[in-house]
Each structure stands twice: as structure tokens, then as C-alpha cells.
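1. Give the three-dimensional model of this entry:
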Amino acid sequence: MNDTDLAYTAGYIDGDGCFFIGEIKTSPFVQDTFSIISTHIDNIEWFKNRFDGNIHTKQSRQKNRVPSYHFVFTKKGYVDLEKILPFLIEKRQECEIFLKFRNPLYKEDRNALIKAMKILKTETHIIHNSIKEDVESVRNTIIPNENDFAYLAGFIDAECSLDINKTFQKRGVTPYYRAQLQCNNTKAPFFFWASQRFGGQFHFLDKSHLMNCRNQMLWRISNLQIDPLLKGVFPFLIHKKPMCEQMIELRKKVISKDFEGRSEIYDKVRHLNSSII
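-> Numbering: from 1, shown residues only. Model (predicted):
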């Protein structure tokens, strides 16, 4: 496996990976499990072809909802976490605690590690009101490299929306099509990383009025800023590669002021997105 594979994996884990350590309710023993979750079997099969693990399918209890696929790493597969660790952004500390928990040298500290993991998941890197200014202050301070694009591709496949927004100008009947990437998240590290490399717009979403709901940050990038991003992530995307390809074609038409075919591209992307829900 090369670095871009590991970076893509890290991006996907930061979006939809789960590190668990804790006690087994029905026995005096403790357990550790690491899984990657997706509703897209093509993503899960990609991991199956590269890591040691098993695929489990879980049917949704809600009607008209697609099943979820869980790729659960085996004990042998955990060896690869050491290689993935340097590429993780949001869940790097979770991975470090997970690896310590499995290390026999930390056997006596397992209860402390379980507590530390719980704090990390529920209380650390939480989105707060002042974060918008902090995130925007580091915009475009790092030139992204190939591994950054691979990581972002993994995060997009797991967590983000690639879509085309259609609006009408006040004067005239010609619609305006805007290709955009959008992402909501409840933890801060990813947004600092994304702002440094790709810029974009950031919005604080106050969820304090909702029960059991954390505040979120929304990241949106579109127009001229999205062109190098789409081109950079395209080679590494898996499930959302077709959407990305259509959005690149739309941007070519916008830049060349070619109005023909924009509506068809919009319809294709809308259809692709509706088919993944």
C-alpha cells in the first residue's frame, strides 16, 4: 500500500471510522473493536481488498433505508493502524489510545484508557461559537500535496456532499449552476486542516436548542476555489467519483461560458446523489 491509500483510509476513518474500547456487559472482560461504516458497498470492498477484516451487513430498522456495511478489522488487521496513524487528523488521539489499550504494557491502565477515550469522544475538540474566526484566520496558509488530496477524498466519500446548486437570477430566465462541496461536523480539527489547505466558507451552526445535539461547523467551497480541489481529489475518490466527474465538466462549461448541456449535468448529479441515500 502506498501513502495515498493510507491517506485516503485516514480521511474515511475520520469521517466514518469507529474506535471502541470498553467492558463487555455480559462478562468480566474488556474488548476492543475497530470498524469502518458505510452505506456504500463499493467503499467497504475497497477496504476489504487492502486490509485484513470482515464485512458485516446491518439492516436498518427504518423503512425505505438502505443497509449499512461494517468493515471490522481483525486482530491481524490492527497492525496497519500504525501505518494509518500519521495521516489521521480528527481521530489520531483515539487511535493512539486504542493502540495503547491493546498493548500488554498498558494492561494495568486499561480503565484509565477507557475513561480517556470517553472524554475524547464526548468532550474534546467540541465546536464553540468563537471557532469560526479562528478557523478563518488560517485560510490558505499551506499548499496541499497529493496525500492531502487523497485524505480529503476519503473524507468526502465518508462525510461530505458533492452537489450542484441551481438558482435563477432576478432578471432573466437562465438558471445559474454552482458546483459546491459541503460538509457539517461536530469536531474542530478537520476544519482547521481544511481551511489551511483549501480555504472556503465556514459557518457556525448553533444546535444548543436541540436535545442531545452538538453544535456544528459547516464548510462550503464553490466557484473558482473548487476547481483545483475537484481535480485533486478525483483520482482518489471511490463512491463519489461520478459526481466529481460531472462537476468538473460543469465547471469547464461555466468557465468557457458554454450554456449547452448544463441542465443535463445538473440532472445527472441530482440523480447520482438521490441514489446514494
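
2. any low-confidence regions in the stretch 101-250 of the chain?
-> Along the stretch 101-250 of the chain, the parts satisfying pLDDT under 70 run over 172.

3. Can you list the residue ranges for strands in it?
-> 161-168, 175-185, 201-205, 216-222 (DSSP state E, counting those that start in this stretch).

4. Just send the ones you listed back as a markdown table, with distance to K115 and mean neighbour count too.
-> (C-beta placed from N, C-alpha, C; glycine too.) Listed next are the strands of the stretch 101-250 of the chain as a markdown table, based on distance: least, Cβ to Cβ, whole Å; neighbours: other Cβ atoms under 10 Å:
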| stretch | distance to K115 | mean neighbour count |
| --- | --- | --- |
| strand 161-168 | 35 | 16 |
| strand 175-185 | 24 | 19 |
| strand 201-205 | 29 | 15 |
| strand 216-222 | 26 | 19 |
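
5. and I248, which of those strands is closest to it?
-> Of all the strands of the stretch 101-250 of the chain, strand 175-185 sits nearest to I248, with 8.2 Å by Cβ to Cβ.

6. Parallel or antiparallel, list what pairs with that closest one.
-> Based on DSSP bridges, the pairing partners of strand 175-185 within the sheet are strand 161-168 (antiparallel), strand 216-222 (antiparallel).

7. before we move on, the earlier item: quick one, which of the strands of the stretch 101-250 of the chain is nearest to V30?
-> V30 lies closest, by Cβ to Cβ, to one member of the strands of the stretch 101-250 of the chain: strand 175-185, at 29.3 Å.

8. Give me the contacts around that closest one.
-> Residues outside strand 175-185 that contact it (Cβ atoms under 8 Å, 6 or more residues apart in numbering) are 90, 127, 155-156, 159-169, 190-191, 194, 200, 205, 216-223, 226, 229-230, 247, 250-251, 254, 262-263, 265-266.

9. Apply 6 Å and report the result again.
-> Identification of contacts with strand 175-185 by Cβ atoms under 6 Å, 6 or more residues apart in numbering yields 159-162, 164-168, 216, 218-222, 226, 247, 250-251, 262, 266.
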